[in-house]
Structure formats: C-alpha cells, structure tokens
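Asks: show me how the following folds:
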Amino acid sequence: MELTGRKVAVLVDQQYQEMEVWYPYYRLVEAGAEVELVGAEKGKTYPSKVGYPAVADKSYDEVSAADYDGIICPGGFAPDFIRRHPKANLFVADFDKQGKLVAAICHGPWCLCSAKILKGRKCTSFFAIKDDVEHAGGIWEDAEVVVDRNLVTSRKPADLPAFMRASIAVLAAQK
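Replies: From the prediction side, this is the model:
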C-alpha cells in the first residue's frame, strides 16, 4: 500500500459535491492512508448538494497541518462555506508552507484563494471561478489536472481519476 502511514484531511461543509469528497476519501483509504473529515464542528453532519451526509471527525479548532501529510478541498458550494472560517484558511495555508499536498477540485480552489497561496502558481478549477483564481494570483490553465510542486488542482468530477493519481503521486513522493 503506497500510502501506509500517511494521514490526509478532507474538508467538508454543507452543499459539498458528493463525488469530490467520497471518491478521494475511499481512493486514499484504498491506498493505505488514514483519512479524516474536517469541518467547522466536530461530530456535525454536513449534507451534500443532494443530502448525502458527511460527519466531521475533527473541527478546525482541533487540527494542525503538522498532524497530516495532505489536504483535499472538494467542490460543490462547500468551499464558499469553508473559507468563511479563518482557521480553515490558516489550516490550508499551513499545508502549503510545509510543502505538503494541497489538492483542490472544481470550486475547491476558492479555499486556496482565501488561504492566499495561489500567487504565481499554475492551477485549474471549475471554469466559473477562473476569474477568482486569477485575481488571487493563480496562473489558470484549462486541463484535467495541474500540478505545481505540492499543489494539485482539477476542474470537475470527470477529472477525479487524474486528480487522485496526481494527489497520490505527490503524497507518495513526500519524505
């Protein structure tokens, strides 16, 4: 198992995109990683866009990037709720400062905008937030996956296979 001993946080909040939480979650577990759902409130159930529940294992008050090897920022409308929490933005920024995996898909790069980590970085996102990404300093590309050092981004659910291959490769390469 290529990720045995690795630990990854997946951010959750209301109106998340189901596949962009659960596909990474189970793919990481399948590769041997320990995965925790992190939200504003520990134990709170966050419904997806269609109501599928995700229960936060930890809250932003309880976590530190030092305790994880990577973070996944899913899409849907959840990132607009996630980035309203200063501790969530700091959590994401700390992963980048430590050179650890920061992966975001679809609207997930909104979290990267608010964490202020995109300046001069190549990335992608759902096309509707391209302006937001560029205004945050990102160099936007229309590609299924863009990797810039520890940063992995993708556009939409159809990109999930490439997104997870790249995310797992970055995690596996980390010392």
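Asks: excluding chain neighbours, what is closest to Ser48?
Replies: Computed as CB to CB, 6 or more residues apart in numbering, the closest residue to Ser48 that is not its neighbour in sequence is Glu18, at 4.5 Å. Heads up, the C-betas are built off the backbone N, CA and C, glycines and all.
Asks: isn't the one you found up against Tyr52?
Replies: Yes: under the criterion of CB atoms under 8 Å, Glu18 makes contact with Tyr52 at 5.1 Å.
Asks: what about Pro53, how many residues close to it?
Replies: Pro53 is flanked by 9 other residues according to other CB atoms under 10 Å.
Asks: quick one: contacts for it?
Replies: 45-47 (CB atoms under 8 Å, 6 or more residues apart in numbering).
Asks: any idea how far Ala40 is from it?
Replies: Plainly put, Pro53 is 15 Å away from Ala40 if you go by CB to CB, to the nearest Å.
Asks: neighbour-wise, which of Glu18 and Tyr52 wins?
Replies: Glu18 (16 against 12).
Asks: got phi/psi on the more buried one?
Replies: When read as degrees, to the nearest 10, the backbone of Glu18 gives phi -50, psi -50.
Asks: begin at 791, not 1, for the rest of this chat.
Replies: Yes, from this point I'll number from 791; that puts the last item at Glu808.
Asks: how close does it get to Tyr815?
Replies: For Glu808 relative to Tyr815 (CB to CB), the value is 11 Å.
Asks: and if you look at Ala821?
Replies: In terms of CB to CB, Ala821 sits 11 Å off from Tyr815.
Asks: go on, Met791?
Replies: Met791 is 16 Å from Tyr815, by CB to CB.
Asks: these two - which one has more neighbours?
Replies: Tyr815 (20 against 10).
Asks: my read: that one touches Val800, true?
Replies: Yes: contact criterion CB under 8 Å: Tyr815 and Val800 qualify, at 5.6 Å.
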